[in-house]
Structures are given as C-alpha cells and as structure tokens.
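K.L.:
can't give you the sequence, but here's the structure:
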C-alpha cells in the first residue's frame, strides 16, 4: 500500500470528483471533498517523511518501466509542493460550505466540489509526475477546471474574466506543448529524468533554445509573471471567494514548480543560467514586476483586486529570488513559495468572510469593519504585516533570505528595490487598515456581525501558521535547504 | 525587595504593560477600573525597575532568550547601564504622565478613551523591549512595533487632519526604518556575522587591520543614522511636528520622551555597542554626519523661533535637542557620551514639563497660539512658573539640570576639537533663550489683549498640576543631585573600554 502512495495522492481526488455527483447532497459532498483532500494531505506528509528518510521515490505507473510507461518521481521539491497544495486546499475547504452558500446559486454547489477536486488532482498530478507530456495533460485538467471555477462567480464579469483566463491559459498551454514537442523531437523521450541526461549534449542546438523559450514563456503566462499578468486580477477578483483563495495560494505555485523543475532538473542550471541569459531576464522581470504590480495595487479600490495585484508582485519576488542564481536565492524562492501560500490563503479567506457578511469587497465598504468584525480584520492586519515582511511573520523570513542573497551577489541596488517593494506593500496594506479601523461607517451598516466560526477557523489556522513559521522556521528552512541541495544549486 | 530574580523582573517589565493592554480592553466603559489598572501597572513597573537598578552589577549578566529564529538571530534581552537608565526615566515619566492623563482626558472629555489607554500601555511595552534588547534584531522588532502602536494615538482625533498627519508620521518612520535601518542591520550581519550589542563594538576587529571595508562601514553608519528616523535628524524630521496633532499626553510622553528618546537611545546603542567609540572616530562618514546633525540642531532652533503654535514650537525645539544627543553619540569621546546620555534624561524632564503646561493651557483656555498667551501667568501662575523652570533647563541655565548635560556636551566638542560644532551648540542654546523664555515672561509681565479677562484662577485640575510640579521640581533636583545620573552614564563608558 505504502509503495502506491505517489499515485494515490493524485487518484483519490480524481476519483472522488465523479463520486460527488452520486452523493449530490451539498453538505455531504462538502464533507466528502474535505475528507478526500485531507487524505491527500496525510499522504503528502507521509511522502515527505519517506523522502527525508530514504531519498527520491520512483514509482512506475501500472508497473510499466520508464521509457514506455509513465514514471512518478517524488524528490524533495515535489514532496514540498505536494505538502503546500494539499495542506492549503484542505484548510480552505473547511470554509467552503459556508462561503459558497452565500456566493453561489443552489444548483451549482455540487458542481463546485467536482471542479474543485478536479483542479486539485490536476495540480497534484503536475507536481507528482516525472513525465513531461503528463505535465501538460494534468495542466489542462487543472486549467479547464479552474476556468469553470472562476466562471461560477456571481458577478457577470466573472464570465469575461474566465474567458480571458481561458484564452491566455490555452495560449500558455500551447506554448508549453510546443516546447515539449520540440524536446521530444530532439531526444525521443518524454521522461524528465531521461531528458535531463540527453539535453546537455544538445546545448549547442538552436532547436533546444527555441524549445526552452516556448516552454518558459508558456509557463510564465501561467504564473502571471509581469508583463504576462493581465488575466489574473479580474480572474481572482470575480471568482467565488473560496476559489480566489485556493487559486491564489496554490495555482501560481504549481506554475512556479514547473518552471523550477524544468530550469533546474530538465534543462540543467548550466544551460539555463550559463548559456542563456536567464539570470538577467529573471532579475529584470522580477524587479519590474515587484514595483509595478505593487504600485498598481496601491490604486485599487476593490480589495480582492488589490490582493490580486499583490499576488503578482509576490510572484515577482519569487522570480527575482530565482534570478539571484545562488543557493541562498533558491532557498529564498522556495521559502517564499510556502510563505506566500500561507499569507495569500489567509488573506483571501479573510476576504471571503468579509464577502459573506458585507457582500462586497470594495474598499469603501471596509469602513468600520475593525469594530464590527474584529477577528476577521485582525487576520487581515496580521496577514498584511506578513506580506510587508515584519519580523515574527513568515514574510520576514523569506525577505531576509532574499536580502542576504542579493547582498551575497553584490547586487545592492536590488536590495534597495526589494526594500522599496516592502514599503509599497506597506502602503497598500495600510489603506485597508486605515479604512477598517479609523473610518466610521457612514452607510449605517451597523448590523454587520463577526463572520461565522466556520470561516474564521480556517482563516486563523493559516494566520497562526504565518506566525508559527515566522517564529520557528526550522522546518521550512531545513526542507528548502535540502531541496535546494537536491536541485544542485549548492556551490 | 522583590522575591523573584532579575530574569523574571526583566521579562515582567515587558509583559506587564502588555497584560495591562488586555486588562484595559476588558474594562471598556468602566473609567475608574480602567484608569486604576493603568496607574497600578505603572507603579509596579517603577518598583520593579528600581529593584532591577539596585540589583544591577556589572559582574552578573542578566540575560533572557525568548526565541531563536535562526542561529544567531534571537529575540533576547539583557540589562546594561544605558538601557537601565532609559527605562528608569521612561517608567517614572509614564507614571507621572498617567496621573496627568487622567486629569487631562476627563477634563477635555475625549472620545475613545479606552483605546487611548490601551495603546498607551502597549507603547510602553515596546519601549521596554527597545531598552532591554540584547541585539539589533530584537531592537528592530520593538522599534517597528512602537511605530505601529503609536499610530492610533496620533490619529486619535479621527478627523481628516489627524489622519493625514498620522499618515505622515507613519510613512516617514516606516520608510526610514525599512529602507535604511533594516538595510544597515542586514549589512552589519553580513560584515560582522553578528547582531549582538558588544562592548567595544562589532566592527572593532574587522576595521583595525585593513581599511578596505571602511567605505562599507561608513555607509552602514550613514544608514543607521538615517534609518533611526525616531531620532528626527534632518531631513527625516517632519513626522515629529506632524505628530503634534495627538492629544497632549501623547505629545508629552511619546514625542518628548518615549519615542524620540527611543530613537536617540538606539543611535547611542548603535554607536557605542555596534560601532564602538574607537571605530566611529576612524570613519570618514562621521564628520559629515556630525555636520548634518549640526544643521539639524541649528535650523530646528531657527524654525522654532517662528512657530506661533506652542506645541509646534516645542516639537521643533525637540528636534534641535535630539540633534545635541546625536552629536554627542557621534563624537564618541567620554565627555560627549556622558553628556549625550545625561541630556537624554534631563531634556526628557524639561520637555515633558513644557508639554504638560501646554496641555494644561489648552484644556483650561482652549489656547494653542503663543501670541494669545500674554498675561496668562496671572490666571495660571503655578503652570507658568513650572514652564519657566523647565525652559531654563532646556536652555541649560542654573539652577536647573540642563546645565550639566550641556556642559558635558560642550566639553565633548572641545575635547574633539570640533570648534564649528561648539559654535553651533552655543548659538542654538542662545536661540533657546529667545524662543522659550519670552513665553513665560510675557505670560507674567505683559498685558493681555483682552483686558476684561479678570485674573480669577484658571489652574488645571489637581492631577494635572501635581504632574507638572513633580516634573518641574525634578529639573531642579537633578541640578542639585546629578551624581546617580552621572555614575550610570559613566558606567556606560567603563563597560565599553
């Protein structure tokens, strides 16, 4: 049984999805989904434990050996990402039932859970698989279900947002497919491990450079790297709150995983950073992304949109850290993957609580919420502080590593710009705080009560995680250092 | 005196105000209980700190570690003379301010009093954390928390004006602390591999053999001085006048004592325990920064002369006086350090008295402009007498304590042969005379514009008067008995060498 874990991880949510249709009672479906996600979470804990104990796990699907069959390979990076995605999805699902009853029409409840599970299994598949084409297949599963999830939003603009995401996502997927196709053409294999052995011999080839470019641009569309970000703000803003929380915390992380996996494992650091000028590109795009997206975030009047832009800038931080091209930078990027998932998960869940009680996330509707929804707003404040990178929150840990990484490379202008980014973050977080605590409500919505426990519980679980891993980051630092080592970034 | 040991006392100084914050929250809308909690906490705090002071010896190292975030990056506290002096001053003045506040807030019938007391207690917890911090990281955390927890106090009035001023306050302090202070901390970490406050400084060994790292360390010093925005060095001083929008007790305790003194305290800490007095003198940046502080001293005094709003004038005066302390810290010879440390305390007593008086005038007569205060001495003789004494102390004239600290500071400039700075300090003191003394003199001797105002007593409520008198007499007492202060200040010098 325990040797089947890598596939069970993906299969359980995948099979649970159609089963939801059979159960069809909303509350039961919710419980069922929650259980399925939690089982995946438990499996991922066992997996990471196994990886730490005995190294990379190799699993051949259907006992067909690698070149013919599909291989699942779980090393530190996969195990770490699986943990993030399943953990976040389980916590977010805790709030799903309450949240969607307020935001979706009755006949769409079951559909929501089906799509949610499909999306989850797609993401887990991307992470677990060791086969390049399989990545594409699961990417499509995850993407198609997330387009539909976004389209479930009550606001009619959700439809256009979903359509835009669909067009961009399809474009990205096509690019990725072209990239994979070219690689297959040159090497005759789709197995990542084999690819990584055969590609270095071809590093002179122009085809490989084209494959790399197509692939990277495709992934960057998916992860909303500035300036390929324009699909994201509306998609997050008009999707149902739970979906925004889930996608913000996990979807972009999975895209970054693909990037990491291909840059470091498949193409190899040598090719990516020495032969191609990837470092400069990532640094430049990262910096521009951080500053531009943060500045745009300051001018947003819808808090969901504000945090969507904030996500774009935080993704740019991760890319920037990658661009440092040293082990500290890679550790910083990996830390921020985890930490940003915690922050944004918590913040979007808190927004779902606001949506539940107030029915809107316009900034003006936040006035006076500090008093009427103290727990929710406290969560937003702590999440916001974490976003800025105030000590004792997870944000500080990843910022610290980023700053050290930039100074180790003697890139002190980058250091200054990272700090400037923190200040911009401070400004947009502060706008919310000021409205919530220091503006009295003029519209007479004094009957607003604190959000129900089922929404507060997951929000605060994530907030406490923000604090816990900010105070005691031993686990995350150990695992990210091991991951960085396994990716071969240690000089 | 107290049955537990010093480690416990040390943690209690931080925890007690925190607990008070929660307790005050629970006592919402029950003013008497709420204010008793504040008073009792501040009394206990003073007792504990005095006890710490009695038990303090150089030999016994009192150290508490709360968290270890990364190896070498801990949240830990320890006791050393400078911090001890700072908390003695801050906790005593908190107690006095509490007495004053109760009279002030009730008389002026402010809104949101619970929030006010709550955050007031919270700021004190942060101040204690700053004072006892064992390393830059811990200090930085409490420094930022102090900024954040002061914001609600500055924005207390809640109108647009208060909010925009509070925004200025917050943005300048956060900007400098993130852009420069944090940068300098990380730089220190990379250059020296440690953030702990060490007698003699961290850069001592790095600096002595080779001069190649000198420019880097110079930049770090530059970033520290700019980054510690709470010390209000030009050009990052504008938050202090902006913060004057807050209720007077806040201006008095926080913007004459806790926050700004937290700033210069941090500068002193950095100069003495991170750079070390020897290294500072070897850095090329020091001279430039000394002149910058001189500019700050001179121009703040100049601007103060043209302010008609009493609190604004006092604020600019504070900026100027903070410059004195920064100069003392940067000169880094024994007299200048002793002078800076003593000035930190003595200026606190003088300035808090002045603010208390300004507040008393405000709640009794609703007057904020100096030009309206002619003849006010006849209605408020005790208040204005206290104002006079405190003015003398700020200027540095006997029989008030101000003379001691200015004496040492001037001696420090002579010792360092900084003649220009000596000139600036003397001229600025002369300007103090011009912008402080006329206020109390015209209050007593010139006729009011409104002659019909009779000279019935308008003295403030008793708690307010008591607080004013205690602080004013402290200015005189410290003149007569400066020895304990001097001894503690010189203990700092002896630990470093």
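P.N.:
Nice, I can see it. Since the model is a prediction, treat every value here as computed from it, not as a measurement.
K.L.:
The closest residue to chain B within the stretch 251-400 of chain A in helix, strand or coil?
P.N.:
Of all residues in the stretch 251-400 of chain A, the one sitting closest to chain B is residue A:391 (4.6 Å; CB to the nearest CB). C-beta here means a position set from N, CA and C on the backbone, and glycine is covered the same way. Here residue A:391 takes the coil state, with states given by DSSP: H, G, I helix; E, B strand; the rest coil.
K.L.:
got the contact list for the residue nearest to residue A:222 when sequence neighbours are not counted?
P.N.:
Leaving aside its sequence neighbours, residue A:222 sits nearest to residue A:255 (CB to CB, 6 or more residues apart in numbering or on different chains; 4.1 Å). Applying CB atoms under 8 Å, 6 or more residues apart in numbering or on different chains to residue A:255 gives the contacts A:219, A:222, A:223, A:224.
K.L.:
Would you confirm that the third one contacts residue A:250?
P.N.:
By that I understand residue A:223. No. Under the criterion of CB atoms under 8 Å, residue A:223 makes no contact with residue A:250, lying 11.7 Å away.
K.L.:
Give me every residue in the stretch 251-400 of chain B lying close to chain A.
P.N.:
The stretch 251-400 of chain B comes close to chain A at no residue, as judged by CB under 8 Å from any CB of the partner chain.
K.L.:
can you pull the pLDDT of the residue lying closest to residue A:358 once chain neighbours are set aside?
P.N.:
Distances taken as CB to CB, 6+ apart place residue A:365 nearest to residue A:358, at 5.2 Å, with adjacent residues excluded. The score at residue A:365 is 86. That number is its pLDDT.
K.L.:
What count of nearby residues applies to residue A:365?
P.N.:
Other residues within reach of residue A:365, judged by other CB atoms under 10 Å in any protein chain shown, total 20.
K.L.:
Are we agreed that it is in a strand?
P.N.:
No. Looking at residue A:365 with three-state DSSP, it is helix, so not inside a strand.
K.L.:
sorry, back to before: need the phi and psi values for the residue of the stretch 251-400 of chain A closest to chain B.
P.N.:
phi -50, psi 150 (degrees, to the nearest 10).
K.L.:
got a pLDDT number for it?
P.N.:
Looking at residue A:391, its pLDDT reads 83.
K.L.:
Over to residue B:341?
P.N.:
Each residue has a pLDDT score; the one for residue B:341 is 91.
K.L.:
now it, nearest residue through space, not along the chain?
P.N.:
Among residues not flanking residue B:341 along the chain, residue B:489 sits closest, at 4.1 Å (CB to CB, 6+ apart).
K.L.:
Now do the same for the one you found: its pLDDT.
P.N.:
Confidence score, pLDDT, at residue B:489: 85.
K.L.:
next one: residue B:49
P.N.:
pLDDT for residue B:49: 89.
K.L.:
and if you look at the one 3 residues further on?
P.N.:
Residue B:52 is assigned a pLDDT of 86 by the prediction.
K.L.:
what's near enough to touch the closest residue to it other than its chain neighbours?
P.N.:
Leaving aside its sequence neighbours, residue B:52 sits nearest to residue B:9 (CB to CB, 6+ apart; 5.2 Å). Shown in contact with residue B:9 (CB under 8 Å, 6+ apart): B:2, B:48, B:49, B:51, B:52.
K.L.:
Need the three-state assignment for the last one.
P.N.:
When you say that, I think you mean residue B:52. Here residue B:52 takes the helix state, with states given by three-state DSSP.
K.L.:
Tell me the spacing between whichever residue of the stretch 1-150 of chain A sits closest to chain B and residue A:269.
P.N.:
Closest contact between the stretch 1-150 of chain A and chain B, by CB to the nearest CB, is at residue A:80 (19.1 Å). Residue A:80 sits at a distance of 19 Å from residue A:269 (criterion: CB to CB, to the nearest Å).
K.L.:
you'd agree residue A:467 is up against residue A:392?
P.N.:
Yes. Counting by CB under 8 Å, residue A:467 does reach residue A:392; the two are 6.7 Å apart.
K.L.:
Neighbour count for those two, which is higher?
P.N.:
residue A:392 (20 against 16).
K.L.:
okay, and the helix or strand of chain A with the least pLDDT?
P.N.:
Ranked by mean pLDDT, DSSP states H and E, the helix or strand of chain A with the weakest confidence is helix A:269, at a mean of 81.
K.L.:
centre of the chain versus that helix, how much separation?
P.N.:
Here the centre of helix A:269 is set off from its chain's centre by 23 Å, with CA atoms, centre = their mean, to the nearest Å.
K.L.:
Can you tell me the SS state at residue A:67?
P.N.:
Per three-state DSSP, residue A:67 ends up coil.
K.L.:
distance of it from residue A:60?
P.N.:
10 Å.
K.L.:
Pull the contacting residues for the nearest residue to residue B:290 once chain neighbours are set aside.
P.N.:
What sits nearest to residue B:290 in space, not counting adjacent residues and going by CB to CB, 6+ apart, is residue B:330, at 5.2 Å. Residue B:330 makes contacts with B:225, B:271, B:280, B:286, B:289, B:290, B:293, as judged by CB under 8 Å, 6+ apart.
K.L.:
Out of those residues, which one has the weakest pLDDT?
P.N.:
Minimum pLDDT across those is recorded for residue B:280, with 84.
K.L.:
how close does that one get to residue B:270?
P.N.:
Residue B:280 sits 10 Å away from residue B:270, taking CB to CB as the criterion.
K.L.:
and what of residue B:254?
P.N.:
Distance from residue B:254 to residue B:270, by CB to CB: 21 Å.
K.L.:
repeat for residue A:241
P.N.:
Distance, residue A:241 to residue B:270, using CB to CB: 46 Å.
K.L.:
Repeat that for residue B:445.
P.N.:
Residue B:445 sits at a distance of 46 Å from residue B:270 (criterion: CB to CB).
K.L.:
quick one: which of those two has more around it?
P.N.:
A side-by-side neighbour count of residue B:445 and residue B:270, using other CB under 10 Å, places residue B:270 first with 26 against 11.
K.L.:
Now do the closest residue to that one other than its chain neighbours, the pLDDT please.
P.N.:
Nearest non-adjacent residue to residue B:270, counting by CB to CB, 6+ apart: residue B:224, 5.0 Å away. pLDDT recorded at residue B:224 is 92.
K.L.:
Check residue A:216 too.
P.N.:
Turning to residue A:216, the model gives it a pLDDT of 91.
K.L.:
Then residue A:196?
P.N.:
86.
K.L.:
what about residue 383, which helix or strand?
P.N.:
Picked chain A for this. Taking DSSP states H and E as the criterion, the element that holds residue A:383 is helix A:374-388.
K.L.:
To clarify, I was referring to chain B.
P.N.:
With DSSP H and E as the criterion, residue B:383 is inside helix B:381-395.
K.L.:
number of nearby residues for residue B:112?
P.N.:
Neighbour tally, residue B:112, other CB under 10 Å: 13.
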